[in-house]
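S.K.: Have a look; sequence and predicted model below, questions after that.
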Amino acid sequence: MSTVRTSPRPSLEGFDPLSQEFFRDPYPILAKARSEQPVFFYEPLNFWVITRYEDVARLAPDYETFTSNAGVVPIPEQFDADEIGRFFTESFMSINPPRHTASRKLAQKAFTRRRVADLEPLLRRTAHELIDGFAADGSADIMSQYCYQVSLRGVTSLIGLPQEDLALFSSWAQDLPALVSPEAMATDDGNDHSGPAKPMPEQERLERWGRVAEARRYLGRFVDDRLKDPRDDFTSAMLHATVDGNTAMSQSEAITHLNEMIAAGTETTANGIAHIVMQLDELPDHRARLRADPRLWEKAVEEGLRRRPVAIGMFRVATRDVEVGGQQIAKGDVVCLSYASVGLDEDQYACPMDFDLERERTSEDLTFGKGRHFCLGAVLAKAEVRIGLEVLYERLPDIRVVAGQDLQYQPAMTAFMLRRLETTWTRPAPARRV
């Protein structure tokens with residue numbers, strides 16, 4: 001039985017997680033939360049927000065108290081809801097042990113450091129080829145022309161997908177994040193909406209769901225092919241893996257996990273590259289050090305992702321009444337573990353707003369989560385960000401972010417999704433092939 005509430009749930013004045021102001025600069029309101037109300041309730045969308053490192057680090061692995069199964073997004077009736085809905089019932093983000101444990105073990109056998117290391121020459125060639133296409137122009141929207149492409153080509157190459165279909169994969173990578181946003185789930189009833197989410201146009205919503213259905217059919221054919229004719233790629237290794245005598249995962253689960261990798265792995269990594277470019281734009285001494293000693297890029301990636309994480313937060317549902325930070329959270333309440341906040345927790349990091357290449361970490365960053373739901377693709381994501389940045393600054397050493405541009409983000413609850421990033425430079429360097 002849930003706790004009967006005897007007092008109003010605390011809120012945080014000024015918190016609007018779907019505003020462009022929050023996406024551009026979440027630091028002030030999250031610092032206010034950590035200081036004044038580290039656990040608060042956001043009434044417009046009915047969820048709790050937990051902002052301190054200590055609380056998030058403790059709660060993230062506790063799947064028995066905070067389940068990952070937050071329900072299924074409403075699917076239009078003209079689509080096969082049972083088939084499409086498997087993304088929300090089979091994905092790593094949505095399932096709990098023991099089911100999660102079995103699927104993840106199979107995927108981990110395929111997602112090896114060796115496989116990611118073997119991909120690095122391709123990532124470098126891709127980065128150089130992309131820059132070749134715009135270096136002479138002196139300016140580019142590097143979000144669409146570079147960051148996004150490095151990320152998309154990296155994850156789809158790992159999977160083994162044919163690169164001639166990149167345009168399809170690009171659409172799919174954007175569709176699922178958009179469809180789990182409040183915009184897609186808001187009802188367009190013809191009335192004036194003053195709430196946090198403006199309803200997505202119905203035509204756009206149907207087109208996106210249509211592409212999600214197409215993605216499952218396409219990936220189904222791809223999985224069938226890899227079952228019959230294995231190759232040296234992640235998909236073949238995952239499909240034919242066994243753990244403790246268990247047979248390979250089902251075709252439906254494999255399709256879901258590949259779709260999840262495309263959706264979760266493309267936008268987040270692309271934004272990781274872009275946001276570190278924005279941070280380094282204000283740090284000329286750091287840029288000089290990194291160009292002089294590329295070995296520092298690994299530390300720069302860790303620090304940049306801590307200071308400006310790609311994840312806004314992860315949602316969980318309380319399975320029992322529980323107290324967090326002095327607040328009573330009832331069974332069935334939705335909570336958001338604020339990964340956007342924890343990397344800047346003053347109690348965890350000295351001078352957290354500083355981009356410190358020499359920072360010593362006494363405990364783990366939560367950039368990629370914690371526990372059983374630690375990001376499976378973290379090794380690939382960090383490699384893509386590191387190589388993408390290293391090649392970018394090697395080829396365009398004086399690249400700068402265009403001042404005063406109107407940065408716009410895709411409204412989303414789980415990740416910062418920048419639409420464009422205009423940059424300029426004057427001295428492109430010649431390509432060095434690897």
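M.R.: Alright, I've got the coordinates.
S.K.: Contact partners for E298?
M.R.: Neighbour list for E298: 382, 386 [criterion: CB atoms under 8 Å, 6 or more residues apart in numbering]. Where you see a C-beta, it was placed from the backbone N, CA and C, and this is true even at glycine.
S.K.: So what's the residue count around A350?
M.R.: 9 (other CB atoms under 10 Å).
S.K.: just checking, it is part of a strand?
M.R.: No: read with DSSP: H, G, I helix; E, B strand; the rest coil, A350 is coil and lies in no strand.
S.K.: For it, grab phi and psi.
M.R.: phi -70, psi 130 (degrees, to the nearest 10).
S.K.: got it, and M413?
M.R.: phi -100, psi -20.
S.K.: Give me the pLDDT value at the residue nearest to S236 when sequence neighbours are not counted.
M.R.: Leaving aside its chain neighbours, S236 sits nearest to P230 (3.9 Å; criterion: CB to CB, 6 or more residues apart in numbering). pLDDT recorded at P230 is 94.
S.K.: ditto for the one 4 residues further on
M.R.: Model confidence at F234, expressed as pLDDT, equals 91.
S.K.: Packing partners of the strand or helix carrying L168?
M.R.: Assigned by DSSP states H and E, L168 belongs to helix 166-179. Contact partners of helix 166-179 among helices and strands, from 3 or more CB pairs under 8 Å, 6 or more residues apart in numbering; DSSP states H and E: helix 148-159, helix 202-228, helix 251-280.
S.K.: what secondary structure does the residue nearest to S236 sit in?
M.R.: Per three-state DSSP, P230 ends up coil.
S.K.: Tell me which residue is most central in this protein.
M.R.: T268 (3.6 Å; CA atoms, centre = their mean).
S.K.: Tell me who's in contact with it.
M.R.: Per CB under 8 Å, 6+ apart, neighbours of T268: 151, 310-311, 381, 415.
S.K.: Need these in CSV (columns: secondary structure, distance to D62 and neighbour count).
M.R.: Formatted as CSV, these follow (DSSP: H, G, I helix; E, B strand; the rest coil; distance: CB to CB, whole Å; neighbours: other CB atoms under 10 Å):
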residue, secondary structure, distance to D62, neighbour count
S151, helix, 31, 27
V310, coil, 23, 25
A311, strand, 18, 23
A381, helix, 24, 26
A415, strand, 23, 19
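S.K.: In TSV, list those along with distance to D80 and pLDDT.
M.R.: Formatted as TSV, the contacts of T268 follow (distance: CB to CB, whole Å; pLDDT from 0 to 100):
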residue	distance to D80	pLDDT
S151	30	96
V310	32	91
A311	30	90
A381	32	93
A415	27	89
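S.K.: How about stretch 251-264, which residues are buried there?
M.R.: 253-264 (16 or more other CB atoms under 10 Å).
S.K.: ditto for stretch 283-291
M.R.: 286-287, 290.
S.K.: how about the closest residue to A383 other than its chain neighbours, secondary structure?
M.R.: Leaving aside its chain neighbours, A383 sits nearest to V116 (5.6 Å; criterion: CB to CB, 6+ apart). Here V116 is helix, with the state taken from three-state DSSP.
S.K.: burial of V116, as a residue count?
M.R.: V116 has 21 nearby residues by other CB under 10 Å.
S.K.: residues near the residue nearest to P428 when sequence neighbours are not counted, how many?
M.R.: Residue nearest to P428 in three dimensions, not counting chain neighbours: A135, with 4.0 Å by CB to CB, 6+ apart. Neighbour count for A135, taken as other CB under 10 Å: 18.
S.K.: same check, this time on the one 5 residues further on
M.R.: Residues contacting A140 under the criterion other CB under 10 Å number 21.
S.K.: try K331
M.R.: Based on other CB under 10 Å, the number of other residues close to K331 is 14.
S.K.: That one touches T319, doesn't it?
M.R.: Yes: with contacts counted by CB atoms under 8 Å, K331 reaches T319, the gap being 6.5 Å.
S.K.: any residues touching stretch 11-31, and which ones?
M.R.: Residues contacting stretch 11-31 (CB under 8 Å, 6+ apart): 32-33, 36-37, 40-43, 45, 49, 51, 182, 196-197, 312, 338, 340-341, 344, 346, 353, 407-409, 411, 413, 416, 418.
S.K.: Same list (the helices and strands packed on helix 166-179) but as a markdown table, adding distance to L12.
M.R.: Output for the helices and strands packed on helix 166-179, formatted as a markdown table (distance: least, CB to CB, whole Å):
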| stretch | distance to L12 |
| --- | --- |
| helix 148-159 | 33 |
| helix 202-228 | 30 |
| helix 251-280 | 24 |
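S.K.: what's the neighbour count on the closest residue to A110 other than its chain neighbours?
M.R.: Nearest residue to A110, sequence neighbours excluded (CB to CB, 6+ apart): A237, at 3.5 Å. Applying other CB under 10 Å, we find 20 residues neighbouring A237.
S.K.: hang on, A237 in a helix?
M.R.: Yes: assessed with three-state DSSP, A237 lies in a helix.
S.K.: who's in contact with it?
M.R.: With the criterion set at CB under 8 Å, 6+ apart, A237 makes contact with 109-110, 115.
S.K.: Ok, K370 next?
M.R.: K370 touches 56-57, 60-61, 364, counting by CB under 8 Å, 6+ apart.
S.K.: if I look at E364, how far off is L380?
M.R.: For E364, the distance to L380 equals 19 Å [CB to CB, to the nearest Å].
S.K.: which one of the two has more residues nearby?
M.R.: Neighbours per residue (other CB under 10 Å) separate E364 from L380, with L380 holding more: 24 against 10.
S.K.: Give me the nearest residue to the more buried one, chain neighbours excluded.
M.R.: Distances taken as CB to CB, 6+ apart put V116 closest to L380, at 5.1 Å, once the chain neighbours are dropped.
S.K.: these two touch, right, V391 and A135?
M.R.: No: using CB under 8 Å, V391 makes no contact with A135, being 11.3 Å away.
S.K.: Now, the buried residues of stretch 283-291 that are in helices?
M.R.: Taking DSSP state H, the ones among these that sit in helices are 286-287, 290.
S.K.: Now do the buried residues in stretch 167-183.
M.R.: Neighbour count says stretch 167-183 has 168-170, 172-183 buried, by 16+ other CB under 10 Å.
S.K.: Stretch 201-221 now?
M.R.: 205, 208-209, 211-212, 215-216, 218-220.
S.K.: element containing V49?
M.R.: With DSSP H and E as criterion, V49 is part of strand 47-50.
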